[in-house]
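Enquirer: Okay, sequence plus prediction incoming.
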Amino acid sequence: MSLNINDIRKDFPILQRETSKGVPLVYLDSTATSQKPLAVIEAMDSYYRRSNANIHRGVHTLAEEATAMYEGAREKIAKFINAASARQIIYTRNTTESINLVAYSWARANLKSGDLVILTEMEHHSNLVPWHMLQAERGIELDFIPVTDSGLLDLDAYKALLARSPKLVSFTHMSNVLGTINPAAEIIRLAHEAGAVTLVDAAQSVPHLKVDVQALDADFLAFSAHKMCGPTGIGALYGKTELLEKMPPFLGGGDMIKEVKLRSFRANTLPHKFEAGTPAIAEAVGFGAAVDYLTSVGMDDIAAHEHEITEYALERLEEIPGVKLFGPTAQHKGGVAAFTLKGVHPHDVAQILDKDGIAVRAGHHCAQPLHEKFGIPATTRASFYLYSTKEEVDLLVDGIYQVKKYFA
């Protein structure tokens, strides 16, 4: 193992608990949301106990402390993804809101009827529905990079789509179902050569891989704190400065303005132009603490550990008669194992595993078109993170054999 997994697990209080069934928790649902280390919990608790105040406008001690913590977290997040400036980091509620911000602000200012937006067949609903809504409103065209039977994007088909001069290419960096890690730098390079702007859904990649927005040359990149050891209710949108400065505000209200008159207003400078009203201050503090925690562990070590766990999990799951895995080999994927079990509905698999304390996800995982592509209504999904162990994989495999016995 590349990490001291026993020490890592001690950092996560919830991993020490038993479930309501009286058995130890085996948490294999980190793709849905990660667990939180004590450092994040204590950082948010300390903010509320010692520094709780509204930010930016107050001059008293608490307001200045809260502002410094809020903006300090932004600096940490910018450094974490190698943004050139913290001004390029816009706080949002989550990846979904980040994508919607681009759709409502940049896209509505720049796209017209007939303009092409390229997506992929493996997108989460968060990167499908906003574009469906814009299609209905503006008459834009949508087309999709196909997914191969092995769970990879068909880049030849993508190149053919680029010949149609798209205005935007928006894609997931890592599939939340297949685990596929897409070649983001190549996809972005080809999009730019075709004159398109790019938006990367990095909800599943930023928590697990070292992501460098400058090396990728991404125009926009969206991610969420809660999938990377941070709190729910806060995420971030990275954008290139020249794009963000030209975009109209997303929401109107306090803090996003420089000046307001009865009949007009002037928007604030970046990043505050896109952050209307009292923000999620404690959550930003927790976001920053999560970045500190992941940095201290080391993203390269986290990625190596997850690869080892995933490779082991795929090997063990493939041994089980009736199990069908979806997605590419471990070489091309992150810590996700989505599967079906012959003759058993995925929800039944998940419910029976829960009796042994094993937490997995069942359903379409907000990716219905992808499941339709493979001719199935749902999958069971086990997912892994820096605190996952091979022993937990073994318990999962044992649990699936118990499911098979139950339905025999």
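Expert: Yep, that arrived.

Enquirer: center of this structure, which residue is that?
Expert: For the chain, residue 203 is the residue whose C-alpha lies nearest the centre (Cα atoms, centre = their mean; 1.2 Å).

Enquirer: who does the helix or strand containing residue 295 touch, helix- and strand-wise?
Expert: Using DSSP states H and E, residue 295 sits in helix 281-297. When contacts are defined as 3 or more Cβ pairs under 8 Å, 6 or more residues apart in numbering; DSSP states H and E, helix 281-297 packs onto helix 38-46, helix 61-80. Where C-beta positions appear, they are placed from N, C-alpha and C, glycine not excepted.

Enquirer: Include mean neighbour count when you put those helices into CSV, please.
Expert: Putting the helices and strands packed on helix 281-297 into CSV (neighbours: other Cβ atoms under 10 Å) gives the following:
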stretch, mean neighbour count
helix 38-46, 17
helix 61-80, 18
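
Enquirer: Can you lay out those helices as TSV showing distance to residue 210 and mean pLDDT?
Expert: Conversion of the helices and strands packed on helix 281-297 to TSV gives the following (distance: least, Cβ to Cβ, whole Å; pLDDT from 0 to 100):
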stretch	distance to residue 210	mean pLDDT
helix 38-46	20	98
helix 61-80	9	98
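
Enquirer: quick one: which of the ones you listed is nearest residue 17?
Expert: When the helices and strands packed on helix 281-297 are compared for distance to residue 17 using Cβ to Cβ, the nearest one is helix 38-46, at 13.7 Å.

Enquirer: so what secondary structure elements neighbour the closest one?
Expert: helix 281-297.

Enquirer: what's near enough to touch residue 323?
Expert: 317, 339-342, 400 (Cβ atoms under 8 Å, 6 or more residues apart in numbering).

Enquirer: Could you check how far it is from residue 358?
Expert: Taking Cβ to Cβ, to the nearest Å as the measure, residue 323 falls 15 Å from residue 358.

Enquirer: which residues of the stretch 1-150 of the chain score low on pLDDT?
Expert: Applying pLDDT under 70 to the stretch 1-150 of the chain picks out residues 1-2.

Enquirer: Identify all contacting residues around the helix or strand residue 143 falls within.
Expert: In this assignment (DSSP H and E), residue 143 forms part of strand 141-145. Residues outside strand 141-145 that contact it (Cβ under 8 Å, 6+ apart): 114-121, 131-132, 135, 153-155, 157-158, 161, 164, 166, 171.

Enquirer: Just the buried positions in stretch 391-402, please.
Expert: 392-393, 395-397, 399-400 (16 or more other Cβ atoms under 10 Å).

Enquirer: likewise stretch 313-332?
Expert: 313-314, 316-317, 320, 323, 325-328, 330, 332.

Enquirer: Not counting its own residues, what contacts stretch 352-359?
Expert: Counting by Cβ under 8 Å, 6+ apart, residues outside stretch 352-359 touching it are 18-19, 21, 23-29, 360, 392, 395-396, 399-400, 402-403, 406.

Enquirer: For residue 8, which non-adjacent residue is spatially closest?
Expert: Excluding the flanking residues, the one nearest residue 8 by Cβ to Cβ, 6 or more residues apart in numbering is residue 387, at 5.3 Å.

Enquirer: Doesn't that neighbour lie inside a strand?
Expert: No - counting by DSSP: H, G, I helix; E, B strand; the rest coil, residue 387 is not found in a strand; it is coil.

Enquirer: who are the neighbours in contact with it?
Expert: 5, 8-9, 11-12, 15, 27, 35 are the contacts of residue 387 under Cβ under 8 Å, 6+ apart.

Enquirer: let's see it at 6 Å
Expert: 8-9, 12 (Cβ atoms under 6 Å, 6 or more residues apart in numbering).

Enquirer: Nearest to residue 381 among the residues you listed?
Expert: Using Cβ to Cβ as the measure, the one of these that approaches residue 381 most closely is residue 12, at 20.4 Å.

Enquirer: picking that back up, can you give me the buried ones in the helix holding residue 295?
Expert: For helix 281-297, by 16+ other Cβ under 10 Å, it's 281-294, 297.

Enquirer: coming back round to it: correct me, but the residue nearest to the centre of the chain touches residue 95?
Expert: Yes - contact between residue 203 and residue 95 holds when scored by Cβ atoms under 6 Å: they sit 4.1 Å apart.

Enquirer: Overlap in contacts, those two.
Expert: With Cβ under 6 Å, 6+ apart as the test, residue 203 and residue 95 both reach 223-224.

Enquirer: tell me what the host helix or strand of residue 396 is packed against?
Expert: Here residue 396 sits within helix 390-406, counting by DSSP H and E. When contacts are defined as 3 or more Cβ pairs under 6 Å, 6 or more residues apart in numbering; DSSP states H and E, helix 390-406 sits against helix 299-318, helix 346-354.

Enquirer: So for that helix, mean pLDDT?
Expert: In this model, helix 390-406 carries a mean pLDDT of 97.

Enquirer: Any buried residues in stretch 300-316, and which?
Expert: 302-303, 305-310, 312-314, 316.

Enquirer: Likewise for stretch 206-215?
Expert: For stretch 206-215, using 16+ other Cβ under 10 Å, the buried residues are 206-209, 211, 213.

Enquirer: Centre of the chain to the strand or helix carrying residue 222, how far?
Expert: If you go by DSSP H and E, residue 222 is part of strand 220-224. Counting by Cα atoms, centre = their mean, to the nearest Å, strand 220-224 is centred 7 Å from the centre of its parent chain.

Enquirer: partners of that strand, with directions?
Expert: strand 197-201 (parallel), strand 235-239 (antiparallel) (DSSP bridges).

Enquirer: After the last one, which helix or strand is next?
Expert: The one in question is strand 235-239. helix 241-246.
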